[in-house]
Structures are given as C-alpha cells and as structure tokens.
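A.B. asks: This is the structure alone, sequence omitted:
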C-alpha cells in the first residue's frame, strides 16, 4: 500500500501527466449467471430450474459502462440510461448507478438503486487493500499488471489489470487506487468480467461534476455494508439468489 501511494504521488504531481491524463473509457461488463448460480449452494432446486429456464445455454448478460477520469477525479456509470438487447427487440430503464470519486479530497459519492430504493452513499475514500502480482498482459495495446484484493461482504476474489502508462487511480465499479487506470476487472475468477474496449483521451471537466440535486436515502460505507450483508444473509435463509436485487 505504501508503494502504491508513493508511486501515485510521483506520477500525479508531474505537470505534463496532469495535463494529458483525462478522458473516457468504455467497458463491456459481462455477467455469467451459470457460474454465479453454481456458487450458490444454498439455492433450492426450484430456483436453479427457474434460472435454467430463463437463461438456457445463453447465460451472458452484457452491459456497456463508461468511466470518465482525470488525475484528481472519476465518474463511473452506464454507457446509456436505457438498456437494450443486442437485437433491439427489448429495452428497459437502467437502475441508478453512478460512482463519483474525488482523489484530492479523498471523498466519494455513490448513487445506487437496489432493493427497491435509491441510496446516496457519501463517505471518505476507502482504498481496497491491493496486492500487486508479477503478471502482465496486453489490453487494448497497453501492457497491464495484475493486482488482487477481496470483497469480504460478498465473499469475492477481485482481480484487476492496470495500465501504469495511464497513471490515474480510477477504475470501474467500486474499485480504484492502483498506480494506473484499471483496464479489466474479474470477479470470482470470471463470474463477472469488465473489460475496457475503448479509451478516448479528451477533456472531461463537465462530465466529472456532481449533479446539482442528489436524491436518495443518505448512507455511509458502514450502512451500505450492513444492508448488503443483511440481504445476503436473509437470502441464504430463504434459499433465494441475492443477486437478483443487488449488483454482483
């Protein structure tokens, strides 16, 4: 952790980097329901059969996301507010999901719709405890290093691949804090994979601004963790899939 903070400080206090390192990343988020369901040993056979009838062999749920970033801020949300199947025959309203980070002020604001209501999470930044590994791979022409952490609330292993030639702390979903832009995330060895498909370097000052009016029940990180933990515990007792109502 100390190494990560020192490297970020060196990179982000260099004026030339600060001028260039802003833009927008497009991600493809793919969720594999078969893999997720196979982990949920507490589910009833009725629930498993319902999933099989719903998804069959086509269990990939794809969503386009976008991340606006600069050396000091980031915003992550849906690419479009309206979701749509690839054939265009079915569309729906996306749930509220906007993740704002202010790295200078070490504050965050998250607007998350789940469990039938919208929550407004405002708290200080709580950096994941990353461990950088000795592995690399190419993503969109960038040599990326591997880092791992875990989500103890959802019992998930998180694998991130970050590009240190784009020295910003930003990343997709609720993950950030590495010495470079996170280009890919894998949750629980591929249950969900979020991969950068395009990066456009351009000014994004306006896109990074918080909305003037923020709506939702105000909560903190501790409140959020309690809500998620309680929902998962109740779902296990009732033999239900908790991830129909919360983000995996």
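C.D. replies: Thanks, I have the structure now. This structure is a prediction, so every number in the text was calculated from the model and none was measured.

A.B. asks: Residue 123 should be in a helix, yeah?
C.D. replies: No. Secondary structure of residue 123, determined by DSSP: H, G, I helix; E, B strand; the rest coil: strand, with no helix assignment.

A.B. asks: So which residues make contact with the longest helix along the chain?
C.D. replies: The helix that spans the most residues within the chain, counting by DSSP state H, is helix 221-238. Outside helix 221-238, the residues that touch it by C-beta atoms under 8 Å, 6 or more residues apart in numbering are 42, 112, 115, 119, 121, 123, 126, 153-154, 219, 241-242, 245-246. In short, each C-beta sits where N, CA and C put it, glycine included.

A.B. asks: ok, so of those residues, who is nearest residue 105?
C.D. replies: Residue 105 lies nearest to residue 123 out of these, by C-beta to C-beta, at 11.8 Å.

A.B. asks: For the closest one, give me its contacts.
C.D. replies: By C-beta under 8 Å, 6+ apart, the neighbours of residue 123 are 107, 108, 220, 221.

A.B. asks: Among the contacts of helix 221-238, name the buried ones.
C.D. replies: 112, 119, 121, 154, 219, 241, 242 (16 or more other C-beta atoms under 10 Å).

A.B. asks: Show me which of those is closest to residue 25.
C.D. replies: Ranked by distance to residue 25 (C-beta to C-beta), these are led by residue 112 at 20.2 Å.

A.B. asks: Show me what that closest one is bridged to.
C.D. replies: residue 97, residue 119 (DSSP bridges).

A.B. asks: if I look at it, how far off is residue 201?
C.D. replies: 28 Å (C-beta to C-beta, to the nearest Å).

A.B. asks: Is it correct that residue 93 is in contact with residue 81?
C.D. replies: Yes. Between residue 93 and residue 81 there is a contact under C-beta atoms under 8 Å: 7.1 Å.

A.B. asks: Same question for residue 109, what's its three-state structure.
C.D. replies: Of the three states, residue 109 takes strand according to three-state DSSP.

A.B. asks: count of neighbours near it?
C.D. replies: 17 (other C-beta atoms under 10 Å).

A.B. asks: Show the contacting residues for residue 73.
C.D. replies: Neighbours of residue 73 in contact, by C-beta under 8 Å, 6+ apart: 100, 101, 102, 103, 104, 208.

A.B. asks: Look up how far residue 115 lies from it.
C.D. replies: As for residue 73, its distance to residue 115 is 28 Å (criterion: C-beta to C-beta).

A.B. asks: now do residue 96
C.D. replies: 12 Å.

A.B. asks: returning to that earlier point: in JSON lines: the contacts of helix 221-238, plus pLDDT, secondary structure and distance to residue 184.
C.D. replies: Below are those laid out as JSON lines (pLDDT from 0 to 100; DSSP: H, G, I helix; E, B strand; the rest coil; distance: C-beta to C-beta, whole Å):
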{"residue": "42", "pLDDT": "92", "secondary structure": "coil", "distance to residue 184": "30"}
{"residue": "112", "pLDDT": "97", "secondary structure": "strand", "distance to residue 184": "22"}
{"residue": "115", "pLDDT": "96", "secondary structure": "coil", "distance to residue 184": "28"}
{"residue": "119", "pLDDT": "98", "secondary structure": "strand", "distance to residue 184": "27"}
{"residue": "121", "pLDDT": "98", "secondary structure": "strand", "distance to residue 184": "25"}
{"residue": "123", "pLDDT": "97", "secondary structure": "strand", "distance to residue 184": "26"}
{"residue": "126", "pLDDT": "91", "secondary structure": "coil", "distance to residue 184": "22"}
{"residue": "153", "pLDDT": "96", "secondary structure": "coil", "distance to residue 184": "22"}
{"residue": "154", "pLDDT": "95", "secondary structure": "coil", "distance to residue 184": "19"}
{"residue": "219", "pLDDT": "98", "secondary structure": "strand", "distance to residue 184": "29"}
{"residue": "241", "pLDDT": "92", "secondary structure": "coil", "distance to residue 184": "25"}
{"residue": "242", "pLDDT": "95", "secondary structure": "helix", "distance to residue 184": "25"}
{"residue": "245", "pLDDT": "94", "secondary structure": "coil", "distance to residue 184": "26"}
{"residue": "246", "pLDDT": "96", "secondary structure": "coil", "distance to residue 184": "22"}
